[in-house]
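A.B. asks: Predicted coordinates and the sequence they were generated for:
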Amino acid sequence: MREIKIKSSLVIGFIGIGVMGSAMAKNLLLSGYKLNIYTRSKKKASNLIKLGAIWKESVREVALDSDVIITMVGLPSDVENLYLKKDGIIEVAKKGTLVIDMTTSKPSLAKIIFQKALSKGISALDAPVSGGEDGAKNGSLTIMVGGSEYDFNKALPILEIMGKNIYYEGTAGAGQYTKICNQVAMAINMVGLCEAIILSKKAGLDPKGIIRTLTNGTSNSWVMENLAHKMIEGDFKPGFYVKHLIKDLTIAYETFEEMNVDAPGLKLSLSLFKQLAEMGEENNGTRAIIKVYETE
């Protein structure tokens, strides 16, 4: 087992040890930070505990004994419960604590958490990520941060362990708004890619050859470079689950509605991914969206 040398007296608490959270927490631990962890199932945290992470029995215990608290959970409702309920992070954390929510959540909720934290002498950042499981494992995530720029700079050495491309986007909620922009653009891009592949097949062309050409043209994108050939080959192993994209696009849709902005591309993409989930594909990777077109 690798020997871990404590690099700082700073104690980090990490709540939410899922696929992404586990990998992110592991990178922090291996970098030498003392790490308190909590998740709903202790079994999920067993590998981190073996590496030296300290298991806490509740959110309250993490909040009481950590200088920085990172959360990476599933839904905005989970985030709200963690931060705002009785015995939640805002109520329990000591003055001067820095909290960083890395869940993809609602910008409006990020703003509420920021203000509630500020009133208690706690600093809060919203810092959702992009890059999937591989990015979490490799410490190469893109991290989009909203909150105080002073707090962003304070958090940067920690964020740099988990991510490669880290951007300060603006005031509270800005990280979440940026993540919404990312998910909307990615989903619409994926729908367009599916239609290009289907058309190439219907025209009797080699779809792999078409993708080779398109990646050297103006339609090229990360989605095309990384997902197109897997779509064509029928490789739908999840890097990012269909059900999680539906959650993100639903947050995006609600946010557009709150801002009274129409989003026809988002509406179409969300409806297609919901149709895919109804086909039993919610636990496949998002590139399985091509199945919607192949069954029509």
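C.D. replies: Nice, thanks for sending it over.
A.B. asks: give me the low-pLDDT residue ranges for this structure?
C.D. replies: 1-8, 296 (pLDDT under 70).
A.B. asks: Let's see that with 50 instead.
C.D. replies: Residue ranges of the chain with pLDDT under 50: 1-3.
A.B. asks: Which residue ranges of it form helices?
C.D. replies: With helices called from DSSP state H, the chain shows them at 19-30, 46-51, 59-64, 76-84, 89-92, 107-119, 132-138, 149-162, 174-202, 207-214, 222-233, 242-258, 264-276, 290-294.
A.B. asks: how about the ones you listed, which one is nearest V11?
C.D. replies: helix 59-64 (9.7 Å; CB to CB). In short, each C-beta sits where N, CA and C put it, glycine included.
A.B. asks: how about that closest one: buried residues?
C.D. replies: Residues of helix 59-64 classed as buried: V59, R60, E61, V62, A63 (neighbour count, 16 or more other CB atoms under 10 Å).
A.B. asks: Tabulate those residues in CSV, adding columns for distance to T295.
C.D. replies: Listed next are the buried residues of helix 59-64 as CSV, based on distance: CB to CB, whole Å:
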residue, distance to T295
V59, 44
R60, 49
E61, 49
V62, 46
A63, 48
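A.B. asks: any idea which of the residues you listed is closest to M162?
C.D. replies: Nearest to M162 among these is V62, at 17.8 Å by CB to CB.
A.B. asks: any idea how far that closest one lies from I12?
C.D. replies: Distance of V62 to I12, computed by CB to CB, to the nearest Å: 10 Å.
A.B. asks: which residues do these two both contact?
C.D. replies: Residues touching both V62 and I12 (CB atoms under 8 Å, 6 or more residues apart in numbering) are N36, I69.
A.B. asks: Can you tell me how far K267 is from M72?
C.D. replies: Distance from K267 to M72, by CB to CB: 28 Å.
A.B. asks: Let me fix that, I meant to ask about I112.
C.D. replies: Applying CB to CB to I112 and M72 gives a distance of 19 Å.
A.B. asks: Dead centre of the chain: give me the residue that sits there.
C.D. replies: The centroid of the chain falls nearest to V129 when counting by CA atoms, centre = their mean (4.2 Å).
A.B. asks: what's across from the closest residue to it other than its chain neighbours in the sheet?
C.D. replies: Of all residues not flanking V129 in the chain, L141 sits nearest, at 4.4 Å (CB to CB, 6 or more residues apart in numbering). Beta bridges link L141 to G163, judged by DSSP bridges.
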